[in-house]
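Peer 1: Quick check, what structure comes out for this input:
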Amino acid sequence: MYPTREEAIRILNESEKMNPGPWKKHSLFTAECAEKITKKIEGMDSEKAYILGLLHDIGRRFGVKHLGHVLDGYNYMNSLGYDEMARICLTHSFSTKDINTYIGKFDITIEEVEMLKTELSKLEYDDYDRLIQLCDCLASPNGVVNMIDRMNDVETRYNMYPENKRQMNLKLKEYFEVKTGQNIYEITSDDKVLWGK
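Peer 2: Model (predicted):
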């Protein structure tokens, strides 16, 4: 299960008041990207995609955290009975399905890390997992950006970006370009400069 669009917007607005920051705008752009892409793919639900994109980072409502936001979002959505949303809170940061590729601090206990690893290992990624991973990489707080530029920016800020994660993100872009038959930037961005990349 996942919330309705109205409920998701309410949760996001409430959460942003608890921990204001650029993550809300990033979440809105992630949701818009997901909605636009799924409108081009038969069999995918654009309403569901929008909601999953909107709340993928909802763990940030509990404060400024790194890996902790993944755990907090997962637990919070499960506490509300939204298991499909909880799943996205977990999977959005791990395009390679490897918790060790997380970029940022491991600010949770060893037991919590092991719990996330166990839960992640149980999952077989579907196109909604892959979609939100892609859109998370496309969306900045200022709009859709070139994925390579975004990954390079993250690498500059954290002094690392695992190569297998970088390559997987680029493969996700290719995967959805095949499914949509279009350049992902053309679908998601009004910036024609991005379309050729």
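Peer 1: what's the longest helix that the chain contains in contact with?
Peer 2: Scanning the chain for the longest helix, with DSSP state H as the assignment, gives helix 163-180. With CB atoms under 8 Å, 6 or more residues apart in numbering as the test, helix 163-180 has contacts from 37, 40-41, 95-96, 98, 101, 103, 127, 130-131, 133-134, 137, 147-148, 151, 183-184, 187. Any C-beta I mention is one placed from the backbone N, CA and C, and that applies to glycine too.
Peer 1: cool, stretch 67-87 as well?
Peer 2: So stretch 67-87 is contacted by 1-3, 48, 51-52, 55-62, 65, 89-90, 92-93, 102, 104-108, 112-113, 115-116, 119, 123, 128-129 (CB under 8 Å, 6+ apart).
Peer 1: and it, C-alpha only, in PDB?
Peer 2: Provided in PDB are the C-alpha atoms of stretch 67-87 (Å, rounded to 0.1, in the frame of the first residue of the first chain):
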ATOM      1  CA  LEU A  67      21.900   6.600   6.200                       C
ATOM      2  CA  GLY A  68      19.500   7.300   9.100                       C
ATOM      3  CA  HIS A  69      17.000   8.900   6.700                       C
ATOM      4  CA  VAL A  70      16.700   5.600   4.900                       C
ATOM      5  CA  LEU A  71      15.900   3.700   8.100                       C
ATOM      6  CA  ASP A  72      13.600   6.400   9.500                       C
ATOM      7  CA  GLY A  73      11.600   6.600   6.200                       C
ATOM      8  CA  TYR A  74      11.300   2.800   6.100                       C
ATOM      9  CA  ASN A  75      10.200   2.600   9.700                       C
ATOM     10  CA  TYR A  76       7.800   5.500   9.500                       C
ATOM     11  CA  MET A  77       6.000   4.400   6.300                       C
ATOM     12  CA  ASN A  78       5.700   0.800   7.700                       C
ATOM     13  CA  SER A  79       4.200   2.300  10.900                       C
ATOM     14  CA  LEU A  80       1.500   3.900   8.800                       C
ATOM     15  CA  GLY A  81       0.800   0.700   6.900                       C
ATOM     16  CA  TYR A  82       2.300   1.900   3.600                       C
ATOM     17  CA  ASP A  83       4.600  -1.100   2.900                       C
ATOM     18  CA  GLU A  84       5.100  -0.200  -0.800                       C
ATOM     19  CA  MET A  85       6.200   3.300   0.200                       C
ATOM     20  CA  ALA A  86       8.500   1.900   2.900                       C
ATOM     21  CA  ARG A  87      10.100  -0.300   0.300                       C
END
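Peer 1: Report the buried residues of that stretch.
Peer 2: For stretch 67-87, a neighbour-count test (16 or more other CB atoms under 10 Å) marks 67-77, 82, 85-87 as buried.
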